[in-house]
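> Here is a sequence together with a model predicted from it:
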Amino acid sequence: MSIEASGFLPINLLTGFLGSGKTTLLKRILADPAFADTAVLINEFGEIGLDHDLVESVDGEMVLLHSGCVCCTVRGELAAALRELYSRRESGLLPPFRRVIIESTGLADPFPVLSTIKADPVLRHHFCAGNVITTVDAVNGLRQLDTYIESNRQAAIADRLIVTKTDLEAGCEGEALQARLRTLNPDAPILRAADPDLDLSSLVAVQSNLSASSSLSQSGFYCEEPMQLVSSDGVAHQAAISSISLSINQPVDWTAFGLWLTMLLNRHGERILRVKGILNLSGEERPVAVHGVQHLVHTPVHMDGWPSEDRTSRLVFILDGLDGDLLKRSFVAFTLARMPQMPSAAYSMIAAAR
Ligand SMILES: Nc1nc2c(ncn2[C@@H]2O[C@H](COP(=O)(O)OP(=O)(O)OP(=O)(O)O)[C@@H](O)[C@H]2O)c(=O)[nH]1
């Protein structure tokens, strides 16, 4: 009996390190009419949540879990949000969605997230295990696996490993990354996001040979005792990681901003794990989404429109050991400049930051 036929609603966990392409993959899945009946929960690290704004024009229910990481600070909120989704579905306030996808933060340890769902008596009776889908960045993935234990855990627990950004990949890192992933997780298929034949239904499909109730205990999805993994340098991070959110309520000059961001990531990319934002650019009606992952600045993308009346430009940075105040001061110096040249104060702060 397939799980969908059993009446239990599969919960799929979409995980993967910061900036590895979770939201991009989620948008691709939700754009497929086959997944129209999907409820989505998005969790973000950082006080301004942006992903729900970046996932544009999605039918269905989308819930943003605010103010912290789902694996440590908002576990209760996750369980409550799932219960609420279910009860609204039952009372007809929501369409009868047939699966849930949770997009975790890029820093989430997936094990506590999964245990949270298993531990909740209400959820256990209505939901069942779907797949853990883990995105791995072909450009930054090896370095992230070397440095961050979360990245290893995310790869190890995956039912499906999706290597992203293979279109940007240089040199022979691809093979080394593949070998590392195989060591961490010998069983999960390793797929490429760029593969035109990537079968999305195989990502969110559920184990068809298990009954819903047995899958809760047998699948790796619900793991009581997380396996112990140690990053290659033997150091678990966490303490030094922080996030800062910046906003600016006047139109931004793209040339100056692009220069500021490029210099910043160039100089401090090692310690800037992620930057993302929505910008209100001078002379542009539509907002522009900007993304950076360590030293990599992605091509900015024009969004279809503003997600709300709010036209404020918003940026979120996730930092590892970099002084957030200094970054803020540099940003303020940048925003005070009226000319499209790099304001010297911002420049010198970037250069001076240690
Ligand atoms: N070239 C290329 N860019 C990609 C690919 N996948 C994602 N990106 C880009 O990588 C950047 C980050 O992608 P997101 O989907 O926002 O990553 P994320 O994992 O959701 O990020 P966080 O939620 O902050 O952890 C965006 O600019 C994407 O367009 C890919 O396969 N190829």
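Nice, I can see it.

> From residue 178, how far out is the residue in the stretch 101-250 of the chain that the ligand sits nearest to?
Nearest to the ligand in the stretch 101-250 of the chain, going by CB to the nearest ligand atom, is residue 106, at a distance of 3.0 Å. Just so you know, the C-beta spots here come from the backbone N, C-alpha and C atoms, and that holds for glycine as well. Residue 106 sits 21 Å away from residue 178, going by CB to CB, to the nearest Å.

> now swap in residue 320 and tell me
26 Å.

> Three-state assignment for residue 186, please.
Following DSSP: H, G, I helix; E, B strand; the rest coil, residue 186 is assigned to coil.

> Test for you: state the pLDDT assigned to residue 321.
pLDDT for residue 321: 89.

> correct me, but it touches residue 273?
No: with contact defined as CB atoms under 8 Å, residue 321 does not count as touching residue 273 (10.1 Å).

> Tell me which of these two has more neighbours.
Counting neighbours by other CB atoms under 10 Å for residue 321 and for residue 273 shows that residue 273 has the greater number, 27 against 12.

> OK, contacts around the more buried one?
With contact taken as CB atoms under 8 Å, 6 or more residues apart in numbering, residue 273 is in contact with 18-19, 106, 241, 293-294, 318-320.

> What is the host helix or strand of residue 179 packed up against?
Under the criterion of DSSP states H and E, residue 179 resides in helix 173-184. Contacts defined by 3 or more CB pairs under 8 Å, 6 or more residues apart in numbering; DSSP states H and E place helix 173-184 against helix 141-147, helix 149-156, strand 160-164, strand 190-192.

> Quickly compare those and say which is most buried.
helix 149-156 (a mean of 26; mean count of other CB atoms under 10 Å).

> and that helix, what's its mean pLDDT?
In the prediction, helix 149-156 has an average pLDDT of 93.

> Alpha carbons of that helix, in PDB - could you do that?
Extracted C-alpha coordinates of helix 149-156, given in PDB (Å, rounded to 0.1, in the frame of the first residue of the first chain):
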ATOM      1  CA  ILE A 149      29.100  19.400  11.100                       C
ATOM      2  CA  GLU A 150      25.600  20.300  10.100                       C
ATOM      3  CA  SER A 151      26.500  19.900   6.400                       C
ATOM      4  CA  ASN A 152      27.700  16.400   7.200                       C
ATOM      5  CA  ARG A 153      24.600  15.500   9.100                       C
ATOM      6  CA  GLN A 154      22.400  16.900   6.300                       C
ATOM      7  CA  ALA A 155      24.200  14.700   3.700                       C
ATOM      8  CA  ALA A 156      24.300  11.600   5.900                       C
END
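
> So for the longest strand seen in the chain, mean pLDDT?
Using DSSP state E, we find that the single longest strand of the chain is strand 127-137. Mean pLDDT, strand 127-137: 92.

> relative to helix 149-156, how tilted is that strand?
120 degrees (axes from the mean of the first three to the mean of the last three CA atoms, to 10 degrees).

> Please tell me how far strand 127-137 is from the chain's geometric centre.
12 Å (CA atoms, centre = their mean, to the nearest Å).

> quick revisit: between residue 320 and residue 178, who's got more neighbours?
Neighbour count, other CB under 10 Å: between residue 320 and residue 178, residue 320 has more, with 20 against 16.

> wait, the more buried one sits on residue 268?
No: using CB under 8 Å as the test, residue 320 is too far from residue 268 to be in contact (10.0 Å).

> Check the gap between the closest residue to residue 292 other than its chain neighbours and the ligand for me.
In this structure, residue 292 finds its nearest non-sequential neighbour in residue 275, 4.3 Å apart by CB to CB, 6 or more residues apart in numbering. To the ligand, residue 275 is 9 Å away according to CB to the nearest ligand atom, to the nearest Å.

> Residue 91 too?
Distance from residue 91 to the ligand, by CB to the nearest ligand atom: 31 Å.

> What is the neighbour count of that residue?
Neighbours of residue 91 (other CB under 10 Å): 8.

> Please apply the same query to the one 3 residues further on.
Other residues within reach of residue 94 by the criterion other CB under 10 Å amount to 16.
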